[in-house]
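*Asks:* have a look at this fold, sequence not included:
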């Protein structure tokens, strides 16, 4: 399970220090699941970085190439709004972040994220983190 925050931290280099020294290499040979929202989230973050002047178009292009090379598997299940609302309420998340939680719970997948709200809620939800904190 791959949250956009995990990838964006490495490809845009906008938030330092990087939480894990091996960066995107951690994602090699790992099945990367993402909700359908992920594509729009990535596109929005890239365009916003460009508009803020945090990344030139060439840097955004290079970031997108790195992201596309990860080849994440987009979950095809449609959003269950009732379940999404339940998860958002239970864990104090946005409805968007609840999509990641629902997918991680349904697929029993570990979650790669640097989103502080999601990190705090993952343990209560019984969601493993990737990489494990001990790495």
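*Replies:* Yep, it's here. Just so you know, these numbers come straight off a predicted model, no measurement behind them. Numbers count the residues shown, from 1 in each chain.
*Asks:* and the strands in this structure, which stretches?
*Replies:* 33-34, 73-74 (DSSP state E).
*Asks:* next one: phi and psi at residue 126?
*Replies:* phi 80, psi 30 (degrees, to the nearest 10).
*Asks:* from residue 129, how far out is the closest residue to residue 71 other than its chain neighbours?
*Replies:* Leaving aside its sequence neighbours, residue 71 sits nearest to residue 32 (Cβ to Cβ, 6 or more residues apart in numbering; 7.3 Å). Placement of C-beta: from N, CA and C, glycine included. Going from residue 32 to residue 129 by Cβ to Cβ, to the nearest Å gives 15 Å.
*Asks:* check residue 26 too.
*Replies:* If you go by Cβ to Cβ, the gap between residue 26 and residue 129 works out to 12 Å.
*Asks:* tell me which of the strands of the chain sits nearest to residue 98.
*Replies:* Smallest distance to residue 98 across these (Cβ to Cβ): 14.3 Å, for strand 33-34.
*Asks:* quick one: mean pLDDT over the closest one.
*Replies:* The pLDDT scores in strand 33-34 average 94.
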